[in-house]
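J.: Pasting the sequence and the predicted coordinates here, then a few questions.
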Amino acid sequence: MSDATVTLTCSDDISGCNVTYYCVDTANTCTPNIVYTEPIVITDEGTSYVRFYSVDNEGNVEDTKYAEIKIDKTPPVTTIEIIGEKYDGYYRPNVTIRLTCEDNVSGCYATYYCVDTTNTCEPTTEYTEEFELTEGTWYVRYYSEDVAGNEEEVNSVSITVKKEVISPARLWLGLVPIIAGAGYILLLIKLLIEGKVSPKDAFDFGKVIVTAMILSIIFFMLAMIITQIM
């Protein structure tokens, strides 16, 4: 709410009202000692207390009363939490979005959001629970409103969700052991033909190379499969 105006009215049907006293503080402990002559305007944000009492023409003093006034001029603040695995500036599917509103004066009333691909949608869906984003480049637009009616400016966050793709460099790195192993086998065949190694030595060394190549292929394929699944 904006500034608050407080009007005090005394009523005494017997001797009539003589004077009304008041004071304003934030702890509700002040002693009313200001003579009330006109409406009281409260401008400070936060919680204020107007304490007051009246005295009639016979000198009877009313018990001190108070009114609590809360003024909230500041919009709430909404934070977004992106829950997911990030790599190279992107997120792997699927991503969970969590919005949290904070307002320390009047409190949060509601949070609204929308999701599109052009960053132009109007946040009209009330946020009640976390939601997911699938593959694509998305804009999450959101804002909150507090109990006093203050509205936050619309926030916007761009989030790209996609599966990781094996780059040519990484693909080549995975093929290097396989190509090297094939080269060693061809070299062994050449040496065997030239009689520079015995058939037994060539066979034993060849088994080691083939085993290493097979393991390299298995691990490389597993890495590709796991990357595409995640």
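T.: Nice, I can see it.

J.: who touches the spatially most central residue of the chain in this structure?
T.: Centre of the chain computed as the mean C-alpha position; nearest residue by Cα atoms, centre = their mean is residue 80, 1.7 Å away. Counting by Cβ atoms under 8 Å, 6 or more residues apart in numbering, residue 80 touches 97, 98, 99, 100, 140, 142, 155, 157. The C-beta positions use only the backbone N, C-alpha and C, and glycine is treated the same way.

J.: cutoff 10 Å now
T.: Contact partners of residue 80, counting by Cβ atoms under 10 Å, 6 or more residues apart in numbering, are 97, 98, 99, 100, 113, 140, 142, 155, 156, 157, 159.

J.: from those, which single one is nearest residue 59?
T.: Nearest to residue 59 among the contacts of residue 80 is residue 100, at 56.6 Å by Cβ to Cβ.

J.: what helix or strand does the closest one sit in?
T.: When elements are assigned from DSSP states H and E, residue 100 belongs to strand 95-102.

J.: distance between that strand and the chain's centre?
T.: Strand 95-102 has its C-alpha centroid displaced from the chain centroid by 4 Å (Cα atoms, centre = their mean, to the nearest Å).

J.: Measure how far the next helix or strand after it is from the centre of its chain, please.
T.: Going down the chain from strand 95-102, the next helix or strand is strand 108-116, by DSSP H and E. Relative to its chain's centre, strand 108-116 lies at 12 Å (Cα atoms, centre = their mean).

J.: Would you mind pulling up the elements that strand 108-116 packs against?
T.: Using 3 or more Cβ pairs under 10 Å, 6 or more residues apart in numbering; DSSP states H and E, the elements in contact with strand 108-116 are strand 77-83, strand 95-102, strand 125-126, strand 131-133, strand 136-146, strand 155-161.

J.: Buried residues, that strand. List them.
T.: 108, 109, 111, 112, 113, 114, 115 (16 or more other Cβ atoms under 10 Å).

J.: now the angle from it to strand 77-83?
T.: 50 degrees (axes from the mean of the first three to the mean of the last three Cα atoms, to 10 degrees).

J.: Return the list of strands paired to strand 108-116, each annotated with direction.
T.: strand 125-126 (antiparallel), strand 136-146 (antiparallel) (DSSP bridges).

J.: domains for this structure, by residue range?
T.: 4-71, 77-161, 168-229 (automatic domain parsing).

J.: before we move on, back to that, okay, now the sheet partners of the strand holding residue 100, with direction.
T.: According to DSSP bridges, strand 95-102 has these partners: strand 77-83 (antiparallel), strand 131-133 (antiparallel).

J.: and the first one, what's its mean pLDDT?
T.: Across strand 77-83, the average pLDDT comes to 97.

J.: what angle separates that strand from strand 155-161?
T.: Going by the same axes, to 10 degrees, strand 77-83 makes 0 degrees with strand 155-161.

J.: Right, I'll leave it there.
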